[in-house]
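Peer 1: After the sequence you'll find the predicted model.
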Amino acid sequence: MAVPKRRKSRARRDTRRATHKISASVFNTCSNCNAPKEPHRICPACGWYKNRYALDVVEVEV
(Lines give C-alpha, C1' and ligand atoms only; values in the text may rest on other atoms or scores of the structure.)
Protein backbone atom coordinates (compact mmCIF):
# COMPACT_ATOMS: atom_id res chain seq x y z
CA MET A 1 0.00 0.00 0.00
CA ALA A 2 1.31 3.47 -0.85
CA VAL A 3 2.44 5.67 2.04
CA PRO A 4 3.11 9.42 1.66
CA LYS A 5 6.75 10.44 2.13
CA ARG A 6 5.99 13.92 3.45
CA ARG A 7 3.25 15.36 5.58
CA LYS A 8 0.80 17.66 3.77
CA SER A 9 0.86 21.26 4.93
CA ARG A 10 -2.16 22.93 6.53
CA ALA A 11 -2.56 25.13 3.46
CA ARG A 12 -2.83 22.16 1.07
CA ARG A 13 -5.17 20.32 3.42
CA ASP A 14 -7.44 23.35 3.91
CA THR A 15 -7.45 24.14 0.17
CA ARG A 16 -8.77 20.67 -0.52
CA ARG A 17 -11.44 20.99 2.18
CA ALA A 18 -12.61 24.42 0.97
CA THR A 19 -15.23 22.79 -1.28
CA HIS A 20 -16.75 20.67 1.50
CA LYS A 21 -18.98 23.43 2.85
CA ILE A 22 -22.69 22.87 3.49
CA SER A 23 -25.03 25.27 1.72
CA ALA A 24 -28.56 26.24 2.71
CA SER A 25 -31.50 24.86 0.73
CA VAL A 26 -32.85 27.04 -2.07
CA PHE A 27 -36.53 27.96 -2.09
CA ASN A 28 -38.59 29.69 -4.76
CA THR A 29 -42.17 30.89 -4.56
CA CYS A 30 -45.04 29.03 -6.16
CA SER A 31 -46.47 30.88 -9.15
CA ASN A 32 -50.00 29.87 -8.16
CA CYS A 33 -50.20 30.41 -4.37
CA ASN A 34 -46.86 32.16 -3.56
CA ALA A 35 -45.97 29.51 -0.97
CA PRO A 36 -42.28 28.60 -0.62
CA LYS A 37 -41.27 25.51 -2.60
CA GLU A 38 -38.13 23.83 -3.87
CA PRO A 39 -37.28 24.40 -7.54
CA HIS A 40 -38.42 21.69 -9.99
CA ARG A 41 -40.81 20.20 -7.40
CA ILE A 42 -44.59 20.12 -7.00
CA CYS A 43 -45.87 22.79 -4.61
CA PRO A 44 -46.74 21.07 -1.32
CA ALA A 45 -49.41 23.69 -0.54
CA CYS A 46 -51.49 23.61 -3.73
CA GLY A 47 -50.14 20.78 -5.93
CA TRP A 48 -49.28 23.13 -8.81
CA TYR A 49 -46.34 22.40 -11.17
CA LYS A 50 -45.44 24.03 -14.50
CA ASN A 51 -48.74 25.89 -14.94
CA ARG A 52 -50.98 22.89 -14.25
CA TYR A 53 -52.33 20.89 -11.35
CA ALA A 54 -50.15 17.83 -10.90
CA LEU A 55 -51.31 16.54 -7.52
CA ASP A 56 -54.49 16.64 -5.46
CA VAL A 57 -53.53 18.05 -2.05
CA VAL A 58 -55.39 16.65 0.95
CA GLU A 59 -55.11 18.44 4.30
CA VAL A 60 -54.58 16.14 7.27
CA GLU A 61 -55.93 17.04 10.70
CA VAL A 62 -53.65 16.23 13.58
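Peer 2: Sure thing, it's come through.
Peer 1: spatially speaking, which residue is in the middle of this protein?
Peer 2: Ser25 (4.2 Å; CA atoms, centre = their mean).
Peer 1: so that one touches Glu38, yeah?
Peer 2: Yes - Ser25 is within contact range of Glu38, at 7.0 Å (criterion: CB atoms under 8 Å). For the C-beta atoms, the positions are set from N, CA and C on the backbone; glycine is no exception.
Peer 1: Would you state the strands of this protein in chain order?
Peer 2: Assigned by DSSP state E, the chain shows strands spanning 28-29, 36-37, 48-49, 52-53.
Peer 1: Quick one: residues in contact with the third one.
Peer 2: Defining contact as CB atoms under 8 Å, 6 or more residues apart in numbering, one finds that strand 48-49 is touched by 30-33, 41-43, 54-55.
Peer 1: Ok, the first one next?
Peer 2: Strand 28-29 is touched from outside by 35-39, with contacts defined as CB under 8 Å, 6+ apart.
Peer 1: same check, this time on the second one
Peer 2: Contacts made with strand 36-37 from outside it, assessed by CB under 8 Å, 6+ apart, are listed as 27-30, 43-45.
Peer 1: Okay, helices next: where are they in the chain?
Peer 2: Counting by DSSP state H, the chain has these helices, from start to end: 10-17.
Peer 1: So which helix or strand of it has the lowest pLDDT on average?
Peer 2: Of all helical and strand segments in the chain, the minimum by mean pLDDT, DSSP states H and E falls on strand 52-53, at a mean of 85.
Peer 1: That one - which strands sit beside it in the sheet, and in what orientation?
Peer 2: strand 48-49 (antiparallel) (DSSP bridges).
Peer 1: The strands of the chain: which one's closest to Arg12?
Peer 2: Proximity to Arg12 (CB to CB) singles out strand 28-29 among the strands of the chain, at 38.3 Å.
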